[in-house]
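Enquirer: Generate a structure from the sequence data that follows.
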Amino acid sequence: MPPPLTLSLSTADLSRLRWAVSPAWELLASIRTLTRPARHVIHMPWLSEHRHDPLLAGPVTSAAYDLTAGPASHLPGFLAPTPLSPLTALDEELDEVRRTPADVVRRDLNAVFGDDLPATLAPMLQAPGRELETIVADLSRYWQRTLAPVWPRIRALLESDIHYRARSLTERGPAAMFADIHPDLAFDQATGTLRIARRRPALLDPHRPLEGRGLVLVPSAFAWPSLYFKTAEPWVPVIRYPVRGVGTLWEPPAGTADLAPALGATRARLLALLETPASTLELAHRTGLAQGGVSAHLHKLTQAGLIAPHRTGRIVLYSRTARGEALYR
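Expert: Numbering: from 1, shown residues only. Next comes the predicted model:
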């Protein structure tokens, strides 16, 4: 096995440690999941529905396919900008991809493909801006067909992970938090060094100081079971890791019929959805209710001791209490 990658995190880097959600990354990683289904059986319910998606077979979109489903070790860096907010929207990320400078596109294509650049991607070397417009449009259509319908479910799991990790960092410190994220991560607090075990040889220097640029941690459903990292400038360093509880992602939701007479149908449904922590806005999206109505119901459930709010940065996530969980046992 190659030597580990080591990242030097200064006090400034640790103070800038944060989490984010990246819809664009989930889009890209999901395409890789579709092209390598044997490695991702945990997503079989979703794979069974979408593995023959036109994006993976149509000649019109072959450039988007070749760009995203290339070498297994890494993607062109410009395709997955580091998200800087827990609330990053897909359109914002794709706009950033669309605005990638031509020299960065050419540099990243060369770094990933070298002399093996697929013929479909050759036009990107001559006219990166024009080609990115087409590829972003193809990726947007793919998202609408395959991920938009299930994004509320995925996002709820990602937000739950962020809540859990942030609390773990506060209560247990960075060494325990990193170790819990993935077995390939190990943080030495005495030296400020984060070791990342590598499964494949890397071409770049295995020791990289972050030099105060900070670090963004991105939970991902479709990254499972691997870690993905990017430290190259101009992006903020990022590690994408398998989200906690990914095995529950495609399970059917818990039933609410038995609780409806006691709580009312709406509150019973909200309590069922809080199997993983979620925000008021997320619950409004998932139920179709007005945000104010959801807030009122959550207030009543909180008063009853069935759920509790937890603040993570600017986001308040609600989760079941032990009393709320007991209703489902």
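Enquirer: Check this protein for me, the residue farthest from its geometric middle.
Expert: No residue in the chain sits farther from the centre than residue 261, which is 37.2 Å out by Cα atoms, centre = their mean.
Enquirer: Give the buried residues for the one helix or strand that residue maps to.
Expert: Under the criterion of DSSP states H and E, residue 261 resides in helix 260-263. Within helix 260-263, the residues that count as buried by 16 or more other Cβ atoms under 10 Å are residue 263. (Each C-beta comes from the backbone N, C-alpha and C, glycine too.)
Enquirer: Quick one: name whatever helix or strand follows it.
Expert: Tracing the chain past helix 260-263, the next element assigned as helix or strand by DSSP H and E is helix 265-273.
Enquirer: Let's test this: mean pLDDT of the helix holding residue 261, rounded?
Expert: The average pLDDT within helix 260-263 is 73.
Enquirer: Work out the gap between it and the centre of the chain.
Expert: Chain-centre distance of helix 260-263: 35 Å, with Cα atoms, centre = their mean, to the nearest Å.
Enquirer: and the gap between the residue farthest from the centre of the chain and residue 89?
Expert: 39 Å (Cβ to Cβ, to the nearest Å).
Enquirer: Next: residue 67.
Expert: Noted for residue 67: a distance of 22 Å to residue 89, by Cβ to Cβ.
Enquirer: Also residue 100?
Expert: Taking Cβ to Cβ, one finds residue 100 at 18 Å from residue 89.
Enquirer: got it, and residue 282?
Expert: Residue 282 is 14 Å from residue 89, by Cβ to Cβ.
Enquirer: More neighbours: which of the two?
Expert: residue 282 (22 against 13; other Cβ atoms under 10 Å).
Enquirer: helix, strand or coil for the more buried one?
Expert: Each residue gets one of three states, and residue 282 gets helix by DSSP: H, G, I helix; E, B strand; the rest coil.
Enquirer: just residue 225 next, same as before
Expert: Three-state assignment for residue 225 (three-state DSSP): coil.
Enquirer: going forward, begin numbering at 17 instead of 1
Expert: With 17 as the first residue, the last one maps to residue 241.
Enquirer: burial measure for it, as a count.
Expert: Counted with other Cβ under 10 Å, residue 241 comes out at 13.
Enquirer: next one: residue 43
Expert: Close neighbours of residue 43, defined as other Cβ under 10 Å, add up to 23.
Enquirer: element containing it, please.
Expert: Using DSSP H and E, residue 43 falls in helix 39-51.
Enquirer: show me what contacts the residue nearest to residue 184 when sequence neighbours are not counted?
Expert: Of all residues not flanking residue 184 in the chain, residue 193 sits nearest, at 4.6 Å (Cβ to Cβ, 6 or more residues apart in numbering). The neighbourhood of residue 193, defined by Cβ atoms under 8 Å, 6 or more residues apart in numbering, consists of 181, 184, 185, 203.
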